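Trainee: have a look at this prediction, sequence included:
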Amino acid sequence: MSPQGRLADYGLTQIEVAKATIHDAVDLDEIEHTDTGWYIWLIALTASIGGMLFGYDTGIISAVLVYLEDGLGHLLSASEKEMITSLCSAGAFVGSIIAGLTADRYGRKAPMYIGCALFTVGAILQATAYSVPQMAVGRFIVGFGVGSAAMIVPAYIAEIAPTKHRGRMIGLNNVSMTGRRVISYGLGAAFSSVPNGWRYMVGLGGVPSILLAVLLPLCPESPRQLVYHDKYEEAQAVLHRIFMTATPEQVQDKTILIEAGVRESRASTGNQTRWSILNQLHTNSAYFRALVCACGLMTISQMSGFNVLMYYSGMLFALVGFSNPVAVGLVVSGTILGMTLVNMLVVDSFGRRRLLITTAWGMSASLVAVAVSFAYIPVDLETLEVTTKSITTPAIIVLVFIIFFVLFYGVSIGNTAWMSADFFPMEVRAVGTMLGDDHTLLP
């Protein structure tokens, strides 16, 4: 049946849809003021398991590098450690692009299923690796899954979440990422004395991907995607379940509003290819501003050095003299989890921009203090080993200011940057989110 016929089934005419774009849209969006039940939170919580894929990997590789030793046939050189670490980011970069280019055609859930499958395969390859090449392939495949989930989960939640809860629901994905980092550091410490314990560390990474694949059937496509693919009955059914106290008229009005947005989307993009949409992101002033904001936030988040800290924290704290560096890393990851929870609670009321402005100075000052303190740690520059057996005052200062940096980072840009999917209108959301995410997934 044609889109016009389906609209008629629900009493929606093209004139009504057109009015939604030029008259007071607030009246048509009254449904946003109704109560939402547990169903939408279950959807957001389930989708946010995808954040565990990214969070677990960035946390666990730090412990793996400490305890890997000759598990791959020989002691790894510095360049081999760098390659193993960066290949996940390289795979994530490619995976994010593929997910972004296919998400509109195949829906938001398909890339999630693919990401789960790839992450599981990659985890198995890593856990059974006895050579650097197999480990490298496993890391790259895991990266595909990480990139796919990192790109699609925030976009999916942004589309399906009610406006009043959107910031908090996207924040669930960030909580999932940081929470899994805490779990990964805990597992790293738990398996530190187990022979070949690093294999258990990477192998257990497949658990959240399998869990997400099992629970995904509970999650519907977003109403916007369903309307975009002319599935009006399914879209209204989903809206009824999200807004449990809404009247049929409010659901119908919301459908009119969504259809108006879809119609404008089709009018602006037509049958254009993804490359044409990419061009529009750079030539349309409104789209370009959203793109600059999204890519800028992701770039600053990446260049702050937080991911380097997560990847190499075990080696870093070992370098400055801590006897159990993975346990120290657990303190840092616990801090970022706590600040992520704070961000989720205040972001909708305090505002994203105010959070960014009020915390930037603290991040900068903390990093300066860390850099200065490093200069006073007694290290043999040839062997990169601490020349004293006791923990020095500069080492303690390094830890304290790293925690301060994580405090400021976690409550602001570390989580707010991942909410940039909300910047883009639906017609360019998949490609725009893909470009933004790629700025934080660059190796």
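Mentor: Received it, and whenever you're ready, just let me know what you need. Numbering: from 1, shown residues only.
Trainee: show me where the stretch 201-350 of the chain dips below the pLDDT cut-off.
Mentor: The stretch 201-350 of the chain contains residues with pLDDT under 70 at 265-274, 310-329.
Trainee: put the alpha carbons of stretch 367-383 into CSV.
Mentor: Output in CSV follows, covering the C-alpha atoms of stretch 367-383 (Å, rounded to 0.1, in the frame of the first residue of the first chain):
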residue,chain,number,x,y,z
LEU,A,367,46.9,17.5,32.9
VAL,A,368,49.5,20.3,33.4
ALA,A,369,49.9,19.1,37.0
VAL,A,370,50.4,15.5,35.8
ALA,A,371,53.0,16.5,33.2
VAL,A,372,55.0,18.5,35.8
SER,A,373,54.9,15.7,38.3
PHE,A,374,56.1,13.2,35.8
ALA,A,375,59.3,15.2,35.4
TYR,A,376,60.2,14.5,39.1
ILE,A,377,59.7,10.7,39.1
PRO,A,378,63.1,8.9,39.2
VAL,A,379,63.0,6.8,36.0
ASP,A,380,65.9,5.2,34.1
LEU,A,381,65.3,6.7,30.6
GLU,A,382,67.0,3.7,28.9
THR,A,383,65.0,0.9,30.6
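Trainee: got the buried residues for that stretch?
Mentor: Leu367, Ala369, Val370, Ser373, Phe374, Ile377, Val379 (16 or more other CB atoms under 10 Å). All C-beta atoms are positioned from the backbone trio N, CA, C, and that covers glycine.
Trainee: among those residues, name the ones in strands.
Mentor: Val379 (DSSP state E).
Trainee: the buried residues of stretch 367-383 into a markdown table, with extra columns for distance to Ile84?
Mentor: As requested, the buried residues of stretch 367-383 are exported to a markdown table (distance: CB to CB, whole Å):
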| residue | distance to Ile84 |
| --- | --- |
| Leu367 | 26 |
| Ala369 | 31 |
| Val370 | 25 |
| Ser373 | 29 |
| Phe374 | 25 |
| Ile377 | 26 |
| Val379 | 24 |
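Trainee: measure His229 to Leu399 for me?
Mentor: Distance of His229 to Leu399, given as CB to CB, to the nearest Å: 52 Å.
Trainee: the two: which is more packed in?
Mentor: Neighbour count, other CB atoms under 10 Å: between His229 and Leu399, Leu399 has more, with 20 against 17.
Trainee: touching, Gln134 and Leu125? I think so.
Mentor: Yes: Gln134 lies in contact with Leu125 (CB atoms under 8 Å); the separation is 6.1 Å.
Trainee: more neighbours: the two, which one.
Mentor: Taking neighbours as other CB under 10 Å, Gln134 and Leu125 compare with Leu125 leading, 20 against 14.
Trainee: Thr36 should be in a strand, yeah?
Mentor: No: assigned with DSSP: H, G, I helix; E, B strand; the rest coil, Thr36 falls outside any strand and is coil.
Trainee: could you check the pLDDT of it?
Mentor: pLDDT recorded at Thr36 is 79.
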